[in-house]
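Visitor: sequence unavailable; structure follows:
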């Protein structure tokens, strides 16, 4: 049996190792709903995100990718050398919406829990959930607290037993004290959760009593009051007016992008948009009074991942994507295709028979092999991505799940007689990748190279006897036609202006301000504004097929 002294030595070594790896120490010996964090340096940073919307890594088709947990980890590795810090989040983190489609419940839940675990590993310590985070209910939120090191920070729960949580966190060094509360506005929640929370006004009055008990003095120039708020800009501004003693409000919900703090009286309100594309950073001076505190944002560029070498999150995210793809496959295998109509979209292979001139042009564009971007990024089972890289997802004339993106000539699927369709499909994609070889970016390829790859794809379809291939952005993504075309024409012909308006609408469905920010005018606050019509016109011309000969 281990002696008492030896056990104490090992415990002391363990604690010393633990503390030496941290920038601060949390006093866990008192009230479990109240954390005290000791700061050792002359400055301290609160880094914050919100509206992450379930994203673990940048979408593989963005022009200028921002965000990603590996990149955030790189930022923190660099910043921790400058000052001790804590990472917090003010909600709408795990899911992209407040309700989950039953057909996607498994994959969205798997992704959310994986994201929470990775955020915890990156360093997320305090989290005020938003309305979207309640998409799987209270039990899921409890599971997050059990399986991660993330503490839910909520100061307006009516019943403290509803969720494991912290009501107040204080960061301290000498006379300096930073008090942090977390509120969610009941009005943004689904009806079954509204009654669990006090209003902001009630919660602040209650919290002021607690703050006073814990030593907060609003007249002390070394004391700061920080609110993590999930309510939106309007309610945050009202909160600041009603309680002018608040120094900082870290907001969320409305996804405002504030390069500079929005000042309401003496209160500074900050938000940094969504998906970890930017990280907010409040720096607190532990030498001067709170007038020396400052705010900045960090753009989460891809090269930040190299600040941490080796960066373990690159492998972690790859593994997460692989495991998520397996869940998505199983999930989609359980989907029904009964909603598909008898009349189906004509895919590109049927169009090129009569429109060779247009086909030659289209094959030189990135649209013609757009689905390959998803294969490269290992996102081919992500329906949110597939939607904009294919024709007809979730439409009766198209397909409902990725396994139906190819229609083979029944019953023998080309030269694979008696072979199950799933095996044929796997072989199809495997051989296509081999035929394409390494392709880093579809957009960066020369037009001649894209055309060559598109022809390889057509030949591959012919070999496998593919009747319809809904992959890639095709003719009917942009054009409209009669179901019996070419034997029936659209009647009456659509005016040119109407055609352009419809084309524009279709383009902007996928090329939104998140995916293609360069298509939009930039506002004074840095956010994309209205569509840049000149840029839009240029981009449409780039992909517009040559006119048909009369």
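Guide: Nice, I can see it. These numbers were taken from a predicted model, which means no experiment stands behind them. Numbering: from 1, shown residues only.
Visitor: SS state for the closest residue in space to residue 130 that isn't next to it in sequence?
Guide: Closest residue to residue 130 apart from its sequence neighbours, by C-beta to C-beta, 6 or more residues apart in numbering: residue 91 at 2.7 Å. Where C-beta positions appear, they are placed from N, C-alpha and C, glycine not excepted. Classification of residue 91 using DSSP: H, G, I helix; E, B strand; the rest coil returns coil.
Visitor: how many neighbours does residue 91 have?
Guide: 27 (other C-beta atoms under 10 Å).
Visitor: residue contacts, it?
Guide: By C-beta atoms under 8 Å, 6 or more residues apart in numbering, the contact set of residue 91 is 50-51, 127-133, 184, 230, 252-253.
Visitor: what's the answer for residue 533, then?
Guide: Residue 533 neighbours (C-beta under 8 Å, 6+ apart): none.
Visitor: residue 107 now?
Guide: Counted by C-beta under 8 Å, 6+ apart, residue 107 has contacts 324, 327, 328, 331.
Visitor: and what of residue 515?
Guide: Residue 515 neighbours (C-beta under 8 Å, 6+ apart): 59, 61, 62, 63, 388.
Visitor: same thing with residue 117?
Guide: 147, 148.
Visitor: how about a cut-off of 6 Å?
Guide: residue 148 (C-beta atoms under 6 Å, 6 or more residues apart in numbering).
Visitor: any idea how far it is from residue 330?
Guide: 20 Å (C-beta to C-beta, to the nearest Å).
Visitor: what stretches of the stretch 201-350 of the chain score poorly on pLDDT?
Guide: 337-341 (pLDDT under 70).
Visitor: going along the chain, name the strands of it.
Guide: 223-230, 248-250, 262-264, 267-270, 278-285, 294-299 (DSSP state E, counting those that start in this stretch).
Visitor: swap in the stretch 451-550 of the chain?
Guide: Going by DSSP E, counting those that start in this stretch, the stretch 451-550 of the chain shows strands at 466-469, 520-522, 528-531.
Visitor: re earlier: among the contacts of residue 107, name the ones in helices.
Guide: Among the contacts of residue 107, DSSP state H puts 324, 327, 328, 331 in helices.
Visitor: with adjacent residues omitted, what lies nearest to the third one?
Guide: I take that to be residue 328. Per C-beta to C-beta, 6+ apart, closest to residue 328 is residue 381, 3.9 Å.
Visitor: check which helix or strand covers that neighbour.
Guide: Assigned by DSSP states H and E, residue 381 falls within no helix or strand.
Visitor: what's the neighbour count on it?
Guide: 22.
Visitor: same thing with residue 44?
Guide: Residue 44 has 25 nearby residues by other C-beta under 10 Å.
Visitor: ignoring the adjacent residues along the chain, who's closest to it?
Guide: According to C-beta to C-beta, 6+ apart, the nearest residue to residue 44 is residue 284 (4.8 Å).
Visitor: okay, buried residues for stretch 55-65 please.
Guide: Within stretch 55-65, the residues scored as buried using 16 or more other C-beta atoms under 10 Å are 55, 56, 57, 58, 59, 60, 61, 65.
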